[in-house]
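# please find the sequence and the predicted model below.
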Amino acid sequence: MSGHGTPIPMTSRRSGPLKGEAHVPGDKSISHRSIILGAMAVGETRITGLLEGEDVLDTAKAMRAFGADVTREDDGTWSVHGVGVGGFQEPDQVIDCGNSGTGVRLIMGSAATTPIAVTYTGDASLNSRPMKRVTDPLALFGTHAVGRDGGRLPMTLVGAVNPTPVRYTVPVPSAQVKSAVLLAGLNAPGQTVVIEKEATRDHTERMLQGFGAELSVEETDEGKVITLQGQPELKPQTIIVPRDPSSAAFPVCAAIITPGSDVLVPNIGLNPTRAGLFTTLQEMNADLTFENMREEGGEPVADLRARFSPNLKGISVPPARAASMIDEYPVLSVVAAFAEGVTDMQGVKELRVKESDRIDAMAKGLRAAGVTVDEGPDWWKVTGLGHDNVPGGVTVASVLDHRIAMSFLVMGMATRDPITVDDGSPIATSFPIFERLMAGLGAQVVRSNSTIN
């Protein structure tokens, strides 16, 4: 599948029990960062378990364009021979980041304090997304950005000739913004300080420390204060990428709403800044258990077992939890449709500026499928119909968003009538084996030539 080609309609219909093991891809956030920091280290970084979706492959192409040697070996191991902090060369072509907001924002940060000019673009979805939230703090280092109206791609960034370290308070909870500033701070002299009022996923901090950067984190009255000493020599690493909790969300949620299901998802990363969905599902009475808890590469990992849960209840999800599960709200809203009562999701304005306006896209599709949804600028509420009461029988728009497409395909596994997604091609950006994996569990998801009337 490709998010850039001909639309691929896909239909999901009521399934029998989902059974077996779901070996989901490697963590996308860690995959992006391992490629980028490997390119900024001196020597060879080796990576196993890398997510080989289009988003991460586009990041690998970008690092090659900057002069790093990035190759995949026959056994699936990736090798990155880095050029060192400040060693990026000016690319001779436009950097196309496809559908990946994480990729483009982290890459922008990594190149922002090197005196090179780089033009970035993406697909229609990415080119509609706001970039000023990253280019504004990068300008504090001395970087110059010229883009389309509203700070959108295509955009050219000219890196700072004499970068100055910054002290920056992130205005909205965003791991992408925080990470872009920290990556830019690597090639600035002195200390770059980032302050988070609300904690977000901390993969960048963990990985920077693993590569040998001098970085400290302190909890203060201002929030979490992250201090990075600039211009280190990053040391190459051997990285084992845990499996992606955001990808695990789909087989997990499918098992919870599909009668008779029992699915084990091995080796899932349970970084506390990423695991909010699983806590929320347990609060909704989902039968979800963690087995074989352990630590790998500085990240907590476990095997996750999900079983059919017929007595789900609606809850109020704490706004403070939003940052730890922001990508999982679409599929959570699907589970909420099969619960009894109202699931209230507050403090989620970030969903308005993802690959799509995810609140709008999910609300429209859920309503079409017979579910009541109320929404506001930074909140939405789903009134569940209970097990076996959700009609379905509709075609919904994926709006070039992989998570919207997969969420509605999960929903169709438990609705009375099938659900068709108008275009499943964006799924390849993050979860290229989604169809094969779900079919292996017993799901009925097929590419369809016609839509449901």
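Cool, the structure landed.
# low-confidence ranges in the stretch 301-450 of the chain?
449-450 (pLDDT under 70).
# please enumerate the helices of it.
Secondary structure of the stretch 301-450 of the chain by DSSP state H, counting those that start in this stretch: the helices cover 329-337, 358-368, 402-411, 434-441.
# check which helices and strands the third one sits against.
Using 3 or more C-beta pairs under 8 Å, 6 or more residues apart in numbering; DSSP states H and E as the contact definition, the elements that helix 402-411 packs against are strand 10-13, helix 245-257, helix 329-337, helix 358-368, strand 392-396, strand 417-421, helix 434-441. From N, CA and C alone the C-beta is placed, and that goes for glycine too.
# 7 Å - rerun?
helix 245-257, helix 329-337, helix 358-368, strand 417-421 (3 or more C-beta pairs under 7 Å, 6 or more residues apart in numbering; DSSP states H and E).
# element containing residue 115?
Per DSSP states H and E: residue 115 is located in neither a helix nor a strand.
# wait, isn't it in contact with residue 161?
Yes: the pair residue 115 / residue 161 is scored as a contact, 4.6 Å apart, by C-beta atoms under 7 Å.
# these two: which has the busier surroundings?
residue 115 (17 against 10; other C-beta atoms under 10 Å).
# list the contacts for the more buried one?
Neighbouring residues of residue 115 by C-beta atoms under 7 Å, 6 or more residues apart in numbering: 159, 160, 161.
# and the pLDDT at residue 2?
In this model, residue 2 is scored at 39, pLDDT.
# ugh, wrong one, I meant residue 297
At residue 297, the model reports a pLDDT of 62.
# equivalent analysis for residue 263, please.
According to the model, residue 263 scores 98 on pLDDT.
# how many other residues sit next to it?
Look at residue 263: counted by other C-beta under 10 Å, it has 24 neighbours.
# beta partners of it?
residue 20, residue 306 (DSSP bridges).
# then residue 421?
residue 10, residue 396.
# where along the stretch 1-150 of the chain do the strands fall?
10-13, 19-21, 42-48, 69-72, 78-83, 95-96, 117-121, 144-148 (DSSP state E, counting those that start in this stretch).
# deepest of those, which one?
Using mean count of other C-beta atoms under 10 Å, the stretch among the strands of the stretch 1-150 of the chain with the largest mean neighbour count is strand 10-13, at a mean of 23.
# next one: residue 178 from residue 391, what distance?
42 Å (C-beta to C-beta, to the nearest Å).
# more neighbours: which of those two?
residue 178 (25 against 14).
# list the contacts for that one?
Counting by C-beta under 7 Å, 6+ apart, residue 178 touches 170, 194, 196, 200, 204.
# so which of those sit within strands?
170, 194, 196 (DSSP state E).
# distance to residue 409, pLDDT and neighbour count added to those, as a markdown table?
Output for those, formatted as a markdown table (distance: C-beta to C-beta, whole Å; pLDDT from 0 to 100; neighbours: other C-beta atoms under 10 Å):
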| residue | distance to residue 409 | pLDDT | neighbour count |
| --- | --- | --- | --- |
| 170 | 34 | 96 | 22 |
| 194 | 37 | 98 | 26 |
| 196 | 34 | 96 | 21 |
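# re earlier: which single one of the contacts of residue 178 is nearest to residue 257?
residue 200 (28.5 Å; C-beta to C-beta).
# neighbours of the closest residue to that closest one other than its chain neighbours, just the number please.
Spatial nearest neighbour of residue 200, excluding adjacent residues (C-beta to C-beta, 6 or more residues apart in numbering): residue 175 at 4.0 Å. Using other C-beta under 10 Å, the number of residues around residue 175 comes to 24.
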